[in-house]
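Peer 1: Got a sequence here, can you model it:
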Amino acid sequence: MKRQVTALALALLGVTLLLVVPLGCSKGEYIPLVGPGVSSDWPADPGWLLAPSVFGGRFVYGGAWSGEDSLLVLVGSAGAAFEHANGQWSRVAIDTRLALRSVISLGAGEFIAVGDRGLASRRTGGHWVTEETGTDQNLNRIVTAGAEVWALGEQGTVRHRTVAGWEGLPAPGTDDVLSGAVLNDTLFVTTDGDSSQIRVWEGTAWGTVSPGPWAGRAVRGVVATPTGRLLAAADSLYERGPYGWRAVRPENFLPEWTHYFDSVVVGHTLWIRYGSWFRFDLLDPDGPLSGWVPLSRSVLVPLGDEDFLTGYFSGALYWVRSGEERQDPAGNVDLGAEIKLASGGPLFFGGPGVLRWDGAGLQTVLPANLIPDYWWEGDWRGCGRSESDFYLTRNGTVFHYQGGQLLTVGSVVDEMDPNSMALTEAGVLYLASRRGLWRWTGVNWERQLPAMADQEGSFNVWPDGNGSLVARGPQGAFHRLQGDLWLPLGQLSRDGILLAAADGTLVGVQPNNGSVDYEGGNELLVYDEKAAAFRTLWGRGMGIMQNQGLGGGTSRDGELLIWTSRPSMVFRLNGPPSAADWELVAGPVDADIRALIRLTGGELLALDQGDDRFYLYRD
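Peer 2: Numbering: from 1, shown residues only. Below is the predicted model:
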């Protein structure tokens, strides 16, 4: 039975959308979007289900791990705090909307977090309790020694927590306090303004530690180790000994440094972030840094001497154990371009490499460390036949993944500026770039469109759903591949969608801003093969799709689907295009779909390009 949306139904169902997110998400169940409410005019279709994500778009700023009970805590934006125990994440109830910036472990089940406007919250007895710190300055870092805790923040703020509560110390200056360390019950700090100095609390006032050999360079961090060593992070890592400061293997550091600094000691390993994350073996007093930590990212929580949880501030999380990486599906997902597959797919470029969605989370198909010069947000594009047979390209170099191996099939020193890739049924590879449309000959890229280099412009290419490819060039000039030739079809708008219907007829949908014959809204066209031109059907049969923003379309196995942008609705063309019989397949959802796939079980899988979250539609 067809599903229709009427004005009366919309008015009756105009209620607020409720998103039900359980505290634990252990089995990877999809979450129902209960009730209507994309807006008061667009009720949410209850057939849409949200892929599970405990983090719900929150940013993550820091974390800590308690080895005694293997409890891990992350903190972040809008009062976000998350606990991981027994393989499950849970969202913590903290009565605040302020950001939490730093957290430390005080032992089994005991944590303290600090954040904006003097916020402090302590976990004890399984519950989080807010504490009064006596300041409204932002607190960005927290350090500890035994039962005592120091919170460090903006404009020289230093707060000391004892058994009696929080108390203030005089400011070491008017600039932000960047880092702190406690050695033999003495607090050392670095500040933004005194960039080359380390300040020491002498009980009643701040003193200055004798300068090291960094000769006026910025000192962004100071670290105290359990073995009694005081380290300073400047242009290298320095250690203070009985005869002054000495550099500790400076060649192990990157030549460029940033102001980001963090450090934590777990077991006999010092983990230190100064631009990038490094490891230091504390059992060898004169030993070198083990070097940059592979697979580490902005946020890192050590789980021992080798394993760790890492991620981006965006909340994308990755477990690294024994050098192997796995993205946590409960975290936020960072995805790049889609890799369209003839088998349906899709695959995506993501943080850990090429990823696939298996119905419960993202799994790595091709790890990032096997892809040369890989960065998921870079100009990587791809297409292929299946999850085990696909092509990748960047800057003109072509890679073929097949049989579990990635091979370089051709290297071209040329900035291609790719937009999209497509593969014909015969296995011919095409690349659409900001400079034109190209075919891979097996040796190099051969220009297809435009014919003259001085007429270069931006192109896109995609399968038409009927065994061929279509390309859209500058100002909406469309071509279709026939044999080895690209035949001109005519002009649509630069936002136009062109796909094949079940009978092979090319169907175009484009926005129309109004004309003498048409008042505006989306316009429906079909390509007349005999006349070699597009024939306009105006808005015939389009219903509510006529006046909604176009999101995209796909055609596969005789099914042509078009979806709108927020609110996203999915429509299917039934029968011959001339009848313009459009069916509402999936009603409104508050998402901005950038990829839509019909799964083998009949469900629709949609990716929201706003926050890289997956939705499943079950009728």
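
Peer 1: Just the element for the closest residue in space to residue 578 that isn't next to it in sequence, please.
Peer 2: Nearest-residue entry for residue 578: residue 526, 6.6 Å, with adjacent residues in sequence omitted and distances by C-beta to C-beta, 6 or more residues apart in numbering. C-beta here means a position set from N, CA and C on the backbone, and glycine is covered the same way. When secondary structure is defined using DSSP states H and E, the element that contains residue 526 is strand 521-528.

Peer 1: now the angle from the helix or strand that comes right after that strand to strand 521-528?
Peer 2: Counting by DSSP H and E, the next helix or strand C-terminal to strand 521-528 is strand 533-538. When axes from the mean of the first three to the mean of the last three C-alpha atoms, to 10 degrees is applied, the directions of strand 533-538 and strand 521-528 differ by 140 degrees.

Peer 1: Report the strands that pair with strand 533-538, each with its relative direction.
Peer 2: Sheet pairing for strand 533-538, assigned by DSSP bridges, gives strand 521-528 (antiparallel).

Peer 1: What residues sit buried inside the partner strand?
Peer 2: For strand 521-528, the neighbour count (16 or more other C-beta atoms under 10 Å) marks 521-527 as buried.

Peer 1: Over to stretch 353-368?
Peer 2: Burial within stretch 353-368, assessed by neighbour count using 16+ other C-beta under 10 Å, is assigned to 353-357, 361-362, 364-366, 368.

Peer 1: List the residue ranges of the stretch 451-600 of the chain that fall below the pLDDT cut-off.
Peer 2: Residues of the stretch 451-600 of the chain meeting the criterion pLDDT under 70: 453-455, 513-520.

Peer 1: my bad, should have said the stretch 301-450 of the chain
Peer 2: Under the criterion of pLDDT under 70, the regions of the stretch 301-450 of the chain flagged as low confidence span 329, 333, 359-361, 412-415.

Peer 1: which residue is nearest the centroid of this protein?
Peer 2: To find the centre residue of the chain, average its C-alpha atoms and take the closest one (C-alpha atoms, centre = their mean): that gives residue 334, at 1.8 Å.

Peer 1: gap between it and residue 429?
Peer 2: According to C-beta to C-beta, to the nearest Å, residue 334 and residue 429 sit 27 Å apart.

Peer 1: before we move on, back to that, my guess is the residue nearest to residue 578 contacts residue 533. True?
Peer 2: No - taking contact to mean C-beta atoms under 8 Å, the distance of 10.2 Å between residue 526 and residue 533 leaves them out of contact.

Peer 1: ok, back up a step: now, which of the buried residues of stretch 353-368 sits nearest residue 569?
Peer 2: Proximity of the buried residues of stretch 353-368 to residue 569 was ranked by C-beta to C-beta; the top entry is residue 357 with 21.7 Å.

Peer 1: If the closest one is in a bridge, with which residues?
Peer 2: Note on residue 357: beta-bridge partners by DSSP bridges are residue 362.

Peer 1: so it makes contact with residue 605?
Peer 2: Yes - using C-beta under 8 Å, residue 357 makes contact with residue 605 at a distance of 6.6 Å.

Peer 1: which one of the buried residues of strand 521-528 sits closest to residue 268?
Peer 2: For residue 268, the nearest member of the buried residues of strand 521-528 is residue 522. The distance, counting by C-beta to C-beta, is 64.7 Å.

Peer 1: surely that closest one meets residue 551?
Peer 2: No - with the criterion set as C-beta under 8 Å, residue 522 and residue 551 do not qualify as a contacting pair; they are 11.3 Å apart.

Peer 1: Show me where the stretch 451-600 of the chain has its helices.
Peer 2: Counting by DSSP state H, counting those that start in this stretch, the stretch 451-600 of the chain yields no residue ranges for helices.

Peer 1: all strands for it, in order.
Peer 2: The residue ranges that make up the strands of the stretch 451-600 of the chain, judged by DSSP state E, counting those that start in this stretch, are 460-463, 469-472, 477-482, 485-491, 497-500, 506-512, 521-528, 533-538, 550-556, 559-564, 568-574, 581-589, 593-598.

Peer 1: quick one, which of the ones you listed is nearest to residue 411?
Peer 2: Going through the strands of the stretch 451-600 of the chain one by one, with C-beta to C-beta as the measure, strand 460-463 comes closest at 21.7 Å.

Peer 1: Need the residues that contact the closest one.
Peer 2: Strand 460-463 is touched from outside by 340, 342, 419-422, 430-432, 437, 469-472, 555, with contacts defined as C-beta atoms under 8 Å, 6 or more residues apart in numbering.

Peer 1: now do 10 Å
Peer 2: With contact meaning C-beta atoms under 10 Å, 6 or more residues apart in numbering, strand 460-463 is reached by 340, 342, 383, 419-425, 430-433, 437-438, 448-449, 469-473, 479, 481, 486, 494, 497-500, 552-556.

Peer 1: which parts of that strand are buried?
Peer 2: Applying a neighbour-count criterion of 16+ other C-beta under 10 Å, the buried positions in strand 460-463 are 461-463.

Peer 1: Output it as CSV, restricted to C-alpha atoms.
Peer 2: Coordinates of the C-alpha atoms in strand 460-463 are reproduced here as CSV (Å, rounded to 0.1, in the frame of the first residue of the first chain):
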residue,chain,number,x,y,z
ASN,A,460,30.9,14.8,-11.5
VAL,A,461,30.2,11.2,-12.7
TRP,A,462,28.0,8.4,-11.4
PRO,A,463,26.2,5.2,-12.5
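
Peer 1: any residues in contact with both of residue 357 and residue 605?
Peer 2: Residues within reach of residue 357 and of residue 605 at once, by C-beta under 10 Å, 6+ apart, are 51, 345-346, 595, 597, 599, 614, 616.

Peer 1: Go through these and say which is closest to residue 390.
Peer 2: Here the nearest of these to residue 390, counting by C-beta to C-beta, is residue 345; it sits at 8.6 Å.

Peer 1: From what I see, the closest one and residue 388 are in contact.
Peer 2: No - using C-beta atoms under 10 Å as the test, residue 345 is too far from residue 388 to be in contact (11.4 Å).

Peer 1: And the two? Which one has more around it.
Peer 2: Between residue 345 and residue 388, counted using other C-beta atoms under 10 Å, the more crowded position is residue 345 (21 against 13).

Peer 1: any idea how far that one lies from residue 196?
Peer 2: From residue 345 across to residue 196, the span is 54 Å (C-beta to C-beta).

Peer 1: Also residue 588?
Peer 2: Using C-beta to C-beta, which is the criterion applied here, residue 588 is 58 Å from residue 196.

Peer 1: Mind checking which of these two has more residues around it?
Peer 2: Between residue 588 and residue 196, counting by other C-beta under 10 Å, residue 588 is the more crowded of the two (28 against 14).

Peer 1: So for the strand or helix carrying residue 101, mean pLDDT?
Peer 2: Assigned by DSSP H and E, residue 101 belongs to strand 100-107. Taken as a whole, strand 100-107 carries a mean pLDDT of 94.

Peer 1: Please pull up the helix or strand immediately following it.
Peer 2: Next in line after strand 100-107, if elements are assigned by DSSP H and E, sits strand 110-115.

Peer 1: I'd like to know the beta-bridge partner residues of the residue nearest to residue 578.
Peer 2: Partner residues in beta bridges with residue 526, using DSSP bridges, are residue 507, residue 535.

Peer 1: my read: it touches residue 560, true?
Peer 2: No - with contacts defined as C-beta under 10 Å, residue 526 does not count as touching residue 560, sitting 11.6 Å away.

Peer 1: who touches both of these two?
Peer 2: Contacts common to residue 526 and residue 560, judged by C-beta under 10 Å, 6+ apart, are 501, 505, 507, 577.

Peer 1: now for those, which pair is the farthest apart?
Peer 2: Largest pairwise distance in the shared contacts of residue 526 and residue 560, by C-beta to C-beta, is 6.3 Å, between 505 and 507.

Peer 1: Report the set of residues contacting both of the two.
Peer 2: Listed contacts common to residue 505 and residue 507 are 499, 526-527, 560, 573, 577; contacts here mean C-beta under 10 Å, 6+ apart.
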